[in-house]
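Visitor: here is the input, now give the coordinates:
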Amino acid sequence: MQITQIRNATVIINYAQTRFLVDPWLGPKDYMPGFEGAVHPEIRQPRVELPYPIEKIVDVDAVILTHVHPDHWDDFAAKALNKNIKIFTQSETDKQFLSSLGFTNVEILTQAPARLHQVTLFKTQGQHGKREIVKPVCEQLGMPYDAMGVVFKAQEEPTLYLAGDTIWCPEVQNALDTYQPDVVVVNACAASVANGEHLIMGKENVLQTSRYAPHAAIVASHMDTVSHLTVTRQDLKELVKENNLSNLFIPNDGETLTFTAKN
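Guide: Below is the predicted model of the structure:
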């Protein structure tokens, strides 16, 4: 298995000879404003350019769209992707959104297994910020709250858990207990709304994940790109040193990590 960090939550996962593109946010640097209702709305985003041409990024077998927030999907992705490509998404609402853009091969993931080639996929739950605090804010802004995670399984591959946009919560703990993943990808820049509530994991949550799953490789994604980040890659590197975390990986944009199944 190979995980290529593209930018933000956009990654390419090469798993059992199948290439998955996750959460394609493909616009150029600074093309959109910061998020209203979040910290630093004055900062334009993405803060950095893509490491590869869009044509190379969309050369995949399937897409996983964890949710339709504008830092996970944009018009550039809609225009660049083949309208017949397989897309896995979380809900009927998101499926209808993609269908309205002309995509014809959209499947809703559930906790029941779905298959593509030799890969089995399972949907997991999370909390895109504390539900009782952040969900009303999202509703006020007219943005959906929910975001899914995905577990990948295949013979002779390590089990991969893509946690998605979530904080540490009982749903994440349940996924770790249920699937016992070998590799866990966490979105970890502690993106925050204006009142300071984190929408995704930050340093403390990454440390919790690393300690709860000490035998798994933890990969930090969703870094150094959105306007409302409050934790950087450098912060996580300091966390590694302070806590002697041997299982935390912090890839740069354009970097590929390779993992093999444990014997």
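Visitor: so residue 168 touches residue 205, yeah?
Guide: Yes: using CB atoms under 8 Å, residue 168 is in contact with residue 205, at 4.0 Å. In short, each C-beta sits where N, CA and C put it, glycine included.
Visitor: give me the pLDDT for the spatially closest residue to residue 14 that is not a sequence neighbour.
Guide: In space, and not counting its chain neighbours, residue 14 is closest to residue 2: 4.2 Å by CB to CB, 6 or more residues apart in numbering. Here, the pLDDT recorded for residue 2 equals 98.
Visitor: mind listing what's buried in stretch 136-153?
Guide: For stretch 136-153, the buried set under the neighbour-count rule, 16 or more other CB atoms under 10 Å, comprises 137, 138, 144, 145, 146, 147, 148, 149, 150, 151, 152, 153.
Visitor: same thing with stretch 171-190?
Guide: So for stretch 171-190, counting by 16+ other CB under 10 Å, buried means 171-172, 175-176, 179, 181-190.
Visitor: please apply the same query to stretch 95-104.
Guide: Within stretch 95-104, the residues that count as buried by 16+ other CB under 10 Å are 95, 97, 98, 103.
Visitor: can you put these in JSON lines and add secondary structure and distance to residue 262?
Guide: Shown next, in JSON lines, are the buried residues of stretch 95-104 (DSSP: H, G, I helix; E, B strand; the rest coil; distance: CB to CB, whole Å):
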{"residue": "95", "secondary structure": "helix", "distance to residue 262": "35"}
{"residue": "97", "secondary structure": "helix", "distance to residue 262": "38"}
{"residue": "98", "secondary structure": "helix", "distance to residue 262": "36"}
{"residue": "103", "secondary structure": "coil", "distance to residue 262": "36"}
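Visitor: quick check, nearest of these to residue 194?
Guide: Here the nearest of the buried residues of stretch 95-104 to residue 194, counting by CB to CB, is residue 97; it sits at 26.3 Å.
Visitor: ok, the closest one - contacts?
Guide: When contacts are counted by CB atoms under 8 Å, 6 or more residues apart in numbering, residue 97 is found next to residue 68.
Visitor: ok, which stretches of the stretch 1-150 of the chain are helices?
Guide: All helices of the stretch 1-150 of the chain, identified by DSSP state H, counting those that start in this stretch, fall at 54-57, 75-80, 92-100, 131-141.
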